[in-house]
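Student: with the input below, show me the fold.
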Amino acid sequence: MSNAYLHPPTDPDVADIVQQLAASLENLPQTLEQCREQLEQGYTLGQLRGISDAEYEALYKIARDLCDKGDFHHALPIALQLTLHHPIDSRFPFIAGSCLQRLGHAEPAALMYAMALDVNPEHAAAAYRLGECLIAVGKSEEAIPFLSKTIELSYGNFSMRSLMDMAQKKLDELLR
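Tutor: Next up, the predicted model:
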């Protein structure tokens with residue numbers, strides 16, 4: 001990531017949340033090691049820490065609002081924490097992938113989009129974004145099935161028409 005100074009979010013409560021979650025990412029290896037046995041038994045970090053659905057929704061809203069403002073740098077720690085704590089909600093790795101992609105990190109973004117697709121194989125936007133990231137890292141051949149899947153999942157759904165058109169355009173470019 002860039003070494004340029006980024007002003008914290010203007011809302012001091014949001015700035016505190018971003019700072020706390022970013023700092024706890026630094027301790028992630030120790031946290032995972034401490035919880036390894038429970039994680040191997042199928043528990044999530046969120047379950048072990050007792051995080052409620054309301055807390056997930058509040059954090060997701062903060063991350064989404066930051067993304068809507070173009071503040072992907074500050075949304076990223078929240079999105080990563082959501083993904084780590086509740087990986088079975090495809091929105092969380094998707095928004096983490098969006099932050100990473102917008103910050104120019106296509107490979108880790110592709111991993112997040114792949115996680116979103118693993119959780120929800122019908123997630124057309126994740127398939128499209130995964131295809132974009134694969135193209136960005138020089139794996140155009142690997143992108144083709146994901147762009148095709150985007151078209152298949154979007155077909156007949158008017159609200160996904162622009163996504164389908166974008167996928168078709170990229171697919172046509174790759175197949176030339």
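Student: which ones are touching K149?
Tutor: A124, A127 (CB atoms under 8 Å, 6 or more residues apart in numbering). All C-beta spots, glycine's among them, are computed from the backbone N, C-alpha and C.
Student: report pLDDT for it.
Tutor: In this model, K149 is scored at 98, pLDDT.
Student: may I see the buried residues of the helix or strand hosting it?
Tutor: Element membership for K149, per DSSP states H and E: helix 140-154. In terms of neighbour count (16 or more other CB atoms under 10 Å), helix 140-154 has its buried residues at S140, A143, I144, F146, L147, K149, T150, I151, L153, S154.
Student: the fourth one and C133 touch, don't they?
Tutor: Spelled out, that is F146. No: contact criterion CB atoms under 8 Å: F146 and C133 do not qualify, at 9.2 Å.
Student: can you give the contact residues for stretch 50-70?
Tutor: With CB under 8 Å, 6+ apart as the criterion, stretch 50-70 contacts 9, 14, 17, 46, 72, 74-75, 78-79, 81-82, 85-86, 89, 91-92, 95, 98-99, 102.
Student: so, low pLDDT: which residues of this structure?
Tutor: 1-6 (pLDDT under 70).
Student: all strands of it, in order?
Tutor: Secondary structure of the chain (DSSP state E): no strands present.
Student: can you give me the helices for it?
Tutor: Assignment of helices within the chain using DSSP state H yields the ranges 12-26, 28-34, 36-40, 45-49, 53-68, 72-85, 91-102, 106-119, 124-136, 140-154, 161-175.
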